[in-house]
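A.B. asks: Show me how the following folds:
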Amino acid sequence: MRWNGGITTEETTEIPESLAFYIDYECMGRDMELSGDIFTIETGYQEAHMFWNH
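C.D. replies: Below you'll find the model as predicted:
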C-alpha cells in the first residue's frame, strides 16, 4: 500500500517527485465521486471507504 496525498491505495502509478506537488488528490477524488465513477462511505473522523461503480 502507498500513501498519496491522504489517500491510501493498493494499486497506483508511480508519480515522479518532481510532479507530485502538482497533483491535487482531493479534487481528483471529488471529481470521480461527482461523475459517478466511485462512491464513498464515511466510517469515522477523516476515514472513508471508496468503491468503484464500474
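
A.B. asks: Could you export stretch 14-31 as PDB, CA atoms only?
C.D. replies: C-alpha atoms of stretch 14-31 as PDB (Å, rounded to 0.1, in the frame of the first residue of the first chain):
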ATOM      1  CA  GLU A  14       4.400   5.800  -9.800                       C
ATOM      2  CA  ILE A  15       4.400   9.600  -9.700                       C
ATOM      3  CA  PRO A  16       7.800  11.300 -10.100                       C
ATOM      4  CA  GLU A  17       8.700  13.500  -7.200                       C
ATOM      5  CA  SER A  18       9.100  16.500  -9.500                       C
ATOM      6  CA  LEU A  19       5.400  16.200 -10.400                       C
ATOM      7  CA  ALA A  20       3.900  15.100  -7.100                       C
ATOM      8  CA  PHE A  21       3.200  18.700  -5.900                       C
ATOM      9  CA  TYR A  22       1.100  19.400  -9.000                       C
ATOM     10  CA  ILE A  23      -1.500  16.700  -8.300                       C
ATOM     11  CA  ASP A  24      -4.500  17.600  -6.200                       C
ATOM     12  CA  TYR A  25      -5.800  14.200  -5.000                       C
ATOM     13  CA  GLU A  26      -8.700  15.800  -3.100                       C
ATOM     14  CA  CYS A  27     -10.000  17.400  -6.300                       C
ATOM     15  CA  MET A  28      -9.500  14.200  -8.200                       C
ATOM     16  CA  GLY A  29     -11.500  12.300  -5.600                       C
ATOM     17  CA  ARG A  30     -14.200  14.900  -5.700                       C
ATOM     18  CA  ASP A  31     -14.400  14.800  -9.500                       C
END
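
A.B. asks: got the residue ranges for the helices in the protein?
C.D. replies: 17-20, 25-34 (DSSP state H).

A.B. asks: nearest to M50, of these?
C.D. replies: Between M50 and the helices of the chain, the shortest gap by C-beta to C-beta is with helix 25-34, which sits at 7.5 Å. Quick note: C-beta positions are derived from backbone N, CA and C, even for glycine.

A.B. asks: quick one: buried residues of the closest one?
C.D. replies: Within helix 25-34, the residues scored as buried using 16 or more other C-beta atoms under 10 Å are G29, M32.
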